[in-house]
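**Student:** give me the fold of what follows.
(2 chains)
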Amino acid sequence: MAYDDLRSFLTALDEQGQLLHVAEQVMPEPDLGAAANAASRLGSGAPALYFDDIAGFTSARVALNVHGSWANHAVAMGMPATTSTREQVEEFVRRWEDFPVPPERRADPPFAENALEGDEVDLFSVLPLFRLNDGDGGFYVDKAAVVSRDPQAPDDFGKQNVGVYRMQVKGRDRLGLQPVPMHDIALHLDEAERAGEDLPVAIALGNDPMISIVAGTPLAYDQSEYEMAGALRGAPAPIATAPLTGFDVPWGCEVLLEGVVEGREREIEGPFGEFTGHYSGGRSMPVVRVDRISYRTDPVFESLYLGMPWTEVDHLIGPATCVPLYQQLKEAFPEVRAVNAMYTHGLLAIVSTAKRYGGFAKAVGLRTMTTPHGLGYCKLVIVVDEDVDPFDLPQVMWALSTKVNPAGDLVNLPGMSVLELDPGSQPPGISNKLVIDATTPVAPDARGHYSQPVADLPEAAAWVGKLQELMSRK
Amino acid sequence: MTAPRKEEVAMMCPRCAWQEVRRLAVSPVAGVWEVLQCARCLYAWRTTEPDRRTRRESYPQAFRMTRADIDAARELPAVPPLREGA
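**Tutor:** Numbering: from 1, shown residues only, chains lettered A, B, ... in the order given. Have a look, this model is predicted:
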């Protein structure tokens, strides 16, 4: 099931009982943020939230927590809402193999229905903006797909980037933008600023669910998010040509902002309650000038709550983060079985692998840290045996508690790169990184006493089926 | 850079105590709320938000900001050097 826009996905969520329409009038603050905060505490089946009666607004429509549970993530993937986490990641891996699927360019996008340009531009007149957390510096646009091109290769479709970056609303036509240095838009901005130029951007809000997922996926620099969206959707991603920048943008988006990141400008931004569960602090960051707003009539403003994990952003980015790390590790080490990097964008990753010889698991852990995503994340890597499921945390804790001898199983690396938002980094952006080898030593590593593991009884598998059948009859 | 279309209103920034405050927006339903912004630290708030976000005396110490904080804020990312000839 491929959704072409946010509205069709909301309809599907509604049909599956995963959309909660809050009909009562609410205040923009603190109600919207608090409701989304609460939804993220409802567990693996939490619904998306839809508000259309917000005090002071006349036609505001706000969707929150759209990807905010495993059930919703499964529906976004076109799978049954009850699909297990591991099955969702495995299906993600399978579809990833279909990359690239060329997009389908369509005319007459819905966002062409209305437009504001020049002095008419007023973000507040189109978007029902609101604050999430108490200490946020203002209202944020935090779930948009930001499109930019490599200034040195403007016609290279693969190097066109689609990414999610937080943006503080600073004026009727101004946004503060956070381009983390490890992310592709930072490379584009760096090129533009070295040339003394602005960086044009198109910002698509309210997208089909797979665009949001691929925009949060750490793809390689020259891999197209649209071609990956096609693979993951199982159908070409519909794109349209943006009227001002000429960029390729999601056809079905609710609102499209176009303008430039002003070259060589920095301005105070933040703090913002981040995915790390900590505020980011106030920093001097780039600014976007919005020159045109295109929008569907009565657009749905999609936003997400983030703060102390787990929240919607963890469901949105968690599964997607596991897959490129898995794929890149497999290229070097076919022994790798699975990667669970869904904790805090992969600041902690758990890798399951077979071993060739003693010390091999530590090499797998080190490689995890030197993948493109690992350079900014993967501060802690736990490596477990091939028969440990990295998605089953009790199994991982068993491996940690029985396979690890700190005398030889910790590799502590000083002065490594990490994203500045890691509150433990000192100075910001620099951290030690740690590999924890929780695998069973193999020759020539002869440490420990692991020759007598307790295995499941040969008859146990049949009993699992028998017991499940008995329970289903109850 | 576009000059901010500011309309100053008499009020103090809850976060940095600066007294130059501008109006960013008013509610589409007249008279329900306004969105205000400090001209110095750029903090923005809606007038109907709780006191802990809108009133200086109730604003949490942990989130207050000073001129020194703004001046010392780290650049992210740092502005790179201009390429020769640019």
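
**Student:** CA atoms for contacts and neighbours, from now on please.
**Tutor:** Noted.

**Student:** list the residues that contact the most centrally placed residue in chain A.
**Tutor:** Central residue of chain A (C-alpha atoms, centre = their mean): residue A:317, 2.5 Å from the mean position. Contacts here follow C-alpha atoms under 8 Å, 6 or more residues apart in numbering or on different chains; on that basis residue A:317 touches A:213, A:216, A:217, A:342, A:345.

**Student:** mind giving me TSV with those and columns for neighbour count, secondary structure and pLDDT?
**Tutor:** Converted to TSV, the contacts of residue A:317 look like this (neighbours: other C-alpha atoms under 10 Å in any protein chain shown; DSSP: H, G, I helix; E, B strand; the rest coil; pLDDT from 0 to 100):
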residue	neighbour count	secondary structure	pLDDT
A:213	28	helix	97
A:216	23	coil	94
A:217	25	coil	94
A:342	22	strand	97
A:345	27	helix	96
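
**Student:** return the member of those nearest to residue A:252.
**Tutor:** For these, the residue nearest residue A:252 by C-alpha to C-alpha is residue A:213; the value is 14.9 Å.

**Student:** what about the closest residue to that closest one other than its chain neighbours, how many residues nearby?
**Tutor:** Counting by C-alpha to C-alpha, 6 or more residues apart in numbering or on different chains, residue A:316 is the residue found nearest to residue A:213 once chain neighbours are left out, at 6.0 Å. Neighbour count of residue A:316, defined by other C-alpha atoms under 10 Å in any protein chain shown: 30.

**Student:** cool, and the one 3 residues further on?
**Tutor:** Number of residues near residue A:319 (other C-alpha under 10 Å) recorded here: 27.

**Student:** check the one 5 residues further on too.
**Tutor:** When neighbours are counted by other C-alpha under 10 Å, residue A:324 registers 22.

**Student:** gap between the helix or strand it falls within and the chain center?
**Tutor:** Per DSSP states H and E, residue A:324 falls inside helix A:312-332. What separates the centre of helix A:312-332 from the centre of its chain is 9 Å, taken as C-alpha atoms, centre = their mean, to the nearest Å.

**Student:** mind listing what's buried in it?
**Tutor:** The neighbour-count check on helix A:312-332 (16 or more other C-alpha atoms under 10 Å in any protein chain shown) flags A:312-330 as buried.

**Student:** around chain A, which positions in chain B sit nearby?
**Tutor:** B:1-2, B:4-5, B:24-25, B:27-33, B:41-45, B:48-50, B:52-53, B:63, B:69-70, B:73-77, B:79-83, B:86 (C-alpha under 8 Å from any C-alpha of the partner chain).

**Student:** pull out the buried residues from those residues.
**Tutor:** Among those, the ones that count as buried by 16+ other C-alpha under 10 Å are B:24-25, B:27-28, B:33, B:41-45, B:48-49, B:53, B:63, B:69-70, B:73-74, B:76-77, B:79, B:82.

**Student:** among these, which are in helices?
**Tutor:** B:53, B:69, B:70 (DSSP state H).

**Student:** next up, the contacts around the closest residue to the first one other than its chain neighbours.
**Tutor:** The reference is to residue B:53. Closest residue to residue B:53 apart from its sequence neighbours, by C-alpha to C-alpha, 6+ apart: residue B:59 at 5.8 Å. Taking C-alpha under 8 Å, 6+ apart, we find residue B:59 in contact with B:14, B:15, B:51, B:52, B:53.

**Student:** do that again at 10 Å, thanks
**Tutor:** A:134, A:135, B:13, B:14, B:15, B:16, B:50, B:51, B:52, B:53 (C-alpha atoms under 10 Å, 6 or more residues apart in numbering or on different chains).

**Student:** likewise for residue A:236?
**Tutor:** A:2, A:4, A:100-105, A:226-230.

**Student:** can you check the pLDDT for it?
**Tutor:** pLDDT for residue A:236: 98.

**Student:** okay, and it sits in which element?
**Tutor:** Per DSSP H and E, there is no helix or strand for residue A:236.

**Student:** for it, give its distance to residue A:429.
**Tutor:** Distance, residue A:236 to residue A:429, using C-alpha to C-alpha, to the nearest Å: 38 Å.

**Student:** before we move on, what about residue A:115?
**Tutor:** To residue A:429, residue A:115 is 40 Å away according to C-alpha to C-alpha.

**Student:** how deep is the residue nearest to residue A:80 when sequence neighbours are not counted tucked in, by neighbour count?
**Tutor:** Nearest non-adjacent residue to residue A:80, counting by C-alpha to C-alpha, 6+ apart: residue A:74, 6.2 Å away. By other C-alpha under 10 Å, the residues close to residue A:74 number 20.

**Student:** C-alpha coordinates for the one helix or strand residue A:74 maps to, CSV please?
**Tutor:** Element membership for residue A:74, per DSSP H and E: helix A:70-76. Provided in CSV are the C-alpha atoms of helix A:70-76 (Å, rounded to 0.1, in the frame of the first residue of the first chain):
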residue,chain,number,x,y,z
TRP,A,70,5.1,0.5,16.1
ALA,A,71,1.5,0.1,15.0
ASN,A,72,1.6,3.3,13.0
HIS,A,73,5.0,2.6,11.6
ALA,A,74,3.7,-0.8,10.4
VAL,A,75,0.7,0.9,8.7
ALA,A,76,3.1,3.4,7.1
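
**Student:** any idea of the mean pLDDT for that helix?
**Tutor:** Per-residue scores along helix A:70-76 average to 97.

**Student:** just the angle for the helix or strand that it is followed by relative to helix A:312-332, thanks.
**Tutor:** Next along the chain after helix A:70-76, taking DSSP H and E as the criterion, comes helix A:85-96. Here the directions of helix A:85-96 and helix A:312-332 differ by 60 degrees (axes from the mean of the first three to the mean of the last three C-alpha atoms, to 10 degrees).

**Student:** contact residues of the stretch 1-150 of chain A facing chain B?
**Tutor:** Taking C-alpha under 10 Å from any C-alpha of the partner chain as the contact definition, the stretch 1-150 of chain A meets chain B at A:27-31, A:55-60, A:119, A:122-125, A:128-131, A:133-139.

**Student:** which among these count as buried?
**Tutor:** Burial by neighbour count, 16+ other C-alpha under 10 Å: within the residues of the stretch 1-150 of chain A next to chain B this picks out A:28-31, A:55-57, A:59-60, A:122-125, A:128-131, A:133-139.

**Student:** need the contact list for the closest residue to residue A:142 other than its chain neighbours.
**Tutor:** Nearest-residue entry for residue A:142: residue A:166, 4.6 Å, with adjacent residues in sequence omitted and distances by C-alpha to C-alpha, 6+ apart. Contacts for residue A:166 (C-alpha under 10 Å, 6+ apart) come out as A:140-146, A:175-179, A:272, A:274.

**Student:** quick check on residue A:149: phi, psi?
**Tutor:** Per-residue torsions, residue A:149: phi -120, psi 150 (degrees, to the nearest 10).

**Student:** how about it, what does it touch?
**Tutor:** Contact analysis of residue A:149 by C-alpha under 10 Å, 6+ apart lists A:155-162, A:184-185, A:187-189, A:199-202, A:247-248.

**Student:** in helices, which of the buried ones among the residues of the stretch 1-150 of chain A next to chain B fall?
**Tutor:** Those of these lying in helices (DSSP H): A:123, A:124, A:125.
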